[in-house]
Each structure stands twice: as structure tokens, then as C-alpha cells.
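Participant: Structure of the sequence below:
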Amino acid sequence: MDVYVAGTRVGPQPIQTRERHFLDNIKVAQVAHQKNLLWILTRQTDQEVQAIPSWTGFNILTRKKIQISEDVVGYLPTINAPATELNTVFEIMNQSELVREELQLETIVVVMDQAVGQPKFVSSMEEERASRETEGRDQKEEDEQRQ
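Facilitator: From the prediction side, this is the model:
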């Protein structure tokens with residue numbers, strides 16, 4: 001593992017914990033619920049001459065120029081190895097999986113350049129998929145024979 005780490009990457013601040021995101025999301029959900037209720041009530045006042053915009057327009061007007069959706073981006077440590085090597089691609093995937101587990105996320109997005117190990121990686125993934133399909137068929141045949 002040490003061979004892959006060339007040094008610390010300078011980037012964004014550390015990613016917040018799951019608990020902190022949960023608390024922030026509760027506050028955001030409460031504000032959103034209050035705004036939705038306010039919109040519903042104000043739309044009921046004069047239904048023939050509407051001074052209150054549609055739901056989307058209302059939310060844009062009342063958002064106080066705060067970003068509607070915010071993403072958190074983090075960087076993995078630098079890997080000092082050829083990007084086109086299959087081992088490097090697998091190391092990136094393994095590191096991403098460790099981050100996903102540590103942050104208790106259901107999924108994690110890994111973005112790579114298309115040329116990064118594509119021929120080797122794609123063929124390896126296709127071989128693995130074919131192997132799983134073969135194993136699945138073999139298991140199905142065994143189950144059918146038992147019955």
C-alpha cells in the first residue's frame with residue numbers, strides 16, 4: 001500500500017461525519033416542510049388572481065440565494081503508479097470502497113478518465129460477469145436436478 005501513496009493531496013476540508021449530515025438534513029427538512037405548508041396556505045387565499053408563484057417559483061424566491069443542492073467532494077491520496085495498470089484501477093476501487101464503508105454510505109461515485117485501464121478493466125469486468133452468469137446457471141441446474 002505504501003508504494004501507491006506519493007504524498008498528501010491538498011484539497012477540500014475533511015468530509016463531515018454521517019451524524020453531522022443527518023442533523024443538518026433534519027434542519028433542512030423542517031425548513032422545507034414549513035415552506036411547503038406556507039406555500040399551500042398562501043395559494044388558498046385568492047385562487048382566481050394568484051399573486052403567489054408556482055411551487056418551484058416560490059421556492060426559488062424564498063431560498064435566500066442559498067445553493068439548492070450541495071455535493072461533498074473528497075479526494076483519495078495520490079497513487080504513484082501507471083493509471084493504465086489494472087492493479088492501479090483496482091486499488092482506486094478498493095480505496096473508494098474503504099471510504100464508502102468509513103462514511104457509512106450506501107453508494108459512492110468514482111469518476112475516471114475513459115482511457116484509464118479501459119481495455120484491461122472492461123475485459124476483466126466482462127470475464128467476471130460471464131463467470132458469475134456461468135456460476136448462476138450451474139447453481140440453477142443443480143437446484144433443478146435436486147427437485
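Participant: I'd like to know how far the closest residue to residue 58 other than its chain neighbours sits from residue 51.
Facilitator: Distances taken as Cβ to Cβ, 6 or more residues apart in numbering place residue 39 nearest to residue 58, at 4.8 Å, with adjacent residues excluded. Where you see a C-beta, it was placed from the backbone N, CA and C, and this is true even at glycine. Note on residue 39: its distance to residue 51, by Cβ to Cβ, to the nearest Å, is 12 Å.
Participant: Of the two, give the one with the bigger neighbour count.
Facilitator: A count of neighbours by other Cβ atoms under 10 Å puts residue 39 above the other of residue 39 and residue 51, at 18 against 8.
Participant: Quick check: that one touching residue 52?
Facilitator: Yes - the pair residue 39 and residue 52 qualifies as a contact (Cβ atoms under 8 Å) at a distance of 7.0 Å.
Participant: if I look at those two, which residues touch both of them?
Facilitator: residue 58 (Cβ atoms under 8 Å, 6 or more residues apart in numbering).
Participant: picking that back up, mind listing what's buried along whichever strand or helix holds the residue nearest to residue 58?
Facilitator: Under the criterion of DSSP states H and E, residue 39 resides in helix 18-43. For helix 18-43, the neighbour count (16 or more other Cβ atoms under 10 Å) marks 39, 43 as buried.
Participant: What mean pLDDT does that helix get?
Facilitator: On average, the pLDDT along helix 18-43 is 84.
Participant: I'd like to know which elements the helix or strand following that helix is packed against.
Facilitator: For helix 18-43, the following helix or strand on the C-terminal side (DSSP H and E) is helix 55-61. Counting contacts by 3 or more Cβ pairs under 8 Å, 6 or more residues apart in numbering; DSSP states H and E, helix 55-61 packs against helix 18-43.
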